[in-house]
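Participant: sequence first, predicted model second:
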Amino acid sequence: MGRPWARVPASVGAALRPAFVATTDAIVAAVRVQVPEYARPLTGRFGERITEGVSVALEQFIALLGSDTELPDTRIYRELGRIEHREGRTLAALQSAYQIGTRTAWQELGSRGAAHDLPPETIFALAEALFGYVEQLSAASVAGWAEEDASHAGSVQTRRHALVEALARRPPTAAPEIERLAVAAGWTVPAKVVALVVPDAVEVAARVPGAIAADLDPVGLAVLPAVRVGGLDAALDAAVGALRGRRAVLGPLVPVAETFRSVARARAAWPLHASGLLGKPDEALLHADAHLVELLLGADPDLAADLREKALGPLRDLPAGAAARSEETLRAWLDAHGDVTVAAAALHVHPQTVRYRLAQLREAYGGALDDPTARLEIEVGLRVRDGR
């Protein structure tokens, strides 16, 4: 940023010192009036720090005039930014305080007539020096505030990461430990939750009130509170909006002590949904509990393969076209719970056509189509064949 104070004669600083020192109270008063975050009584450490900060900054500025040196160590101003963050004041408030302080100092100098005898070029140089000097102080404080903010955000997310892992753990983490971790993470423990498995879970959860998340491997995990507003789940509604095209899987609603159950269900469905084998092609958010049979089969691929073979084996000796028609008819008939008319409407054929095909199917399957257990195995096997 350069050294604009080098262009102001040192003698100017000596001449203006009394006027500069006298502006301290006016600067503090202006900041307190115009920045709501600083509208507090000047008592205790707060009052000492703000008064000292202004007076030290003015003294240092006067000492710099006429010198070609860099701004002295700015660590004190960087630390001031950190303190402001810790005490809950915003970055906007901090920057406003610097701007208002600088403007007030310049206005006070003018009103006191301190610079009236200076040549115009010196007045311009003095103004440039003052505003450039405070800009560097402000930049140091802003950097300190930002560092503290990043550190705070990182530590909070670290604690939330630990909390999410504890909630997902099986056997479940003891309730007192969950409470302890929740307090450390700044999370209010709800009565019930749902697990959401989604890439970039922390980013998604940031847009959902009351949600916490961790970007785990191989896919992130968010825990959403179940809060109903007007009959709708507010957290779930917010989560849908936060997905922004990402695929995600929602577990069942469970008491917070059983979060691991919701997590396990959502995680089981994630690989199938991510690969497009579960849910509709355009279905971003999948509810795992809507696909329990598929998840059960997915837990044992060998069993699923055997069921598929049992369901389709009797059709393997048919010509390709006849096998496909027979499978389609069998699906429609099973979906219609044995109602030939409904099955025919689904297939867009005459009911008599369905009856004819069913006669062939009964011949191929023997008595299996009239046995409840065998019929259930066939229906499940057909689902496996369909990739679901």
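Facilitator: Yes, it's here.
Participant: use CA for all of it now, contacts and neighbours both
Facilitator: Will do.
Participant: where in this structure is the helix or strand with the lowest mean pLDDT?
Facilitator: Lowest mean confidence among the helices and strands of the chain (mean pLDDT, DSSP states H and E): strand 228-229, at a mean of 48.
Participant: helices of the stretch 251-388 of the chain, residue ranges please.
Facilitator: For the stretch 251-388 of the chain, the helices defined by DSSP state H, counting those that start in this stretch occupy 259-274, 292-298, 301-312, 320-335, 340-347, 351-365, 372-385.
Participant: OK, contacts around residue 17?
Facilitator: Going by Cα atoms under 8 Å, 6 or more residues apart in numbering, residue 17 touches 59, 62.
Participant: how close does it get to residue 220?
Facilitator: 60 Å (Cα to Cα, to the nearest Å).
Participant: next, the angle from the host helix or strand of residue 224 to helix 259-274.
Facilitator: Assigned by DSSP states H and E, residue 224 belongs to strand 221-225. Interaxial angle of strand 221-225 relative to helix 259-274 (axes from the mean of the first three to the mean of the last three Cα atoms, to 10 degrees): 120 degrees.
Participant: just give me the longest helix of this structure.
Facilitator: Secondary structure of the chain per DSSP state H: the longest helix is helix 120-168.
Participant: if I pick residue 9, what's in contact with it?
Facilitator: 65, 66.
Participant: and it, what pLDDT?
Facilitator: You'll see residue 9 listed with a pLDDT of 89.
Participant: residue 388 too?
Facilitator: 42.
Participant: count the residues that sit near residue 361.
Facilitator: Neighbourhood size, residue 361 [other Cα atoms under 10 Å]: 19.
Participant: cool, residue 110 as well?
Facilitator: By other Cα under 10 Å, 13 other residues sit near residue 110.
Participant: wait, residue 265 sits on residue 286?
Facilitator: No - Residue 265 lies out of contact with residue 286 (Cα atoms under 8 Å); the separation is 11.5 Å.
Participant: I'd guessed residue 344 sits against residue 351; true?
Facilitator: Yes - judged on Cα under 8 Å, residue 344 makes contact with residue 351 at a distance of 5.1 Å.
Participant: and those two? Which one has more around it.
Facilitator: Taking other Cα under 10 Å, residue 344 and residue 351 do not tie; residue 344 has more neighbours (20 against 17).
Participant: how is the residue of the chain most remote from its centre assigned, secondary-structure-wise?
Facilitator: In the chain, the residue that sits farthest from the middle, by Cα atoms, centre = their mean, is residue 117; the gap is 58.8 Å. Classification of residue 117 using DSSP: H, G, I helix; E, B strand; the rest coil returns coil.
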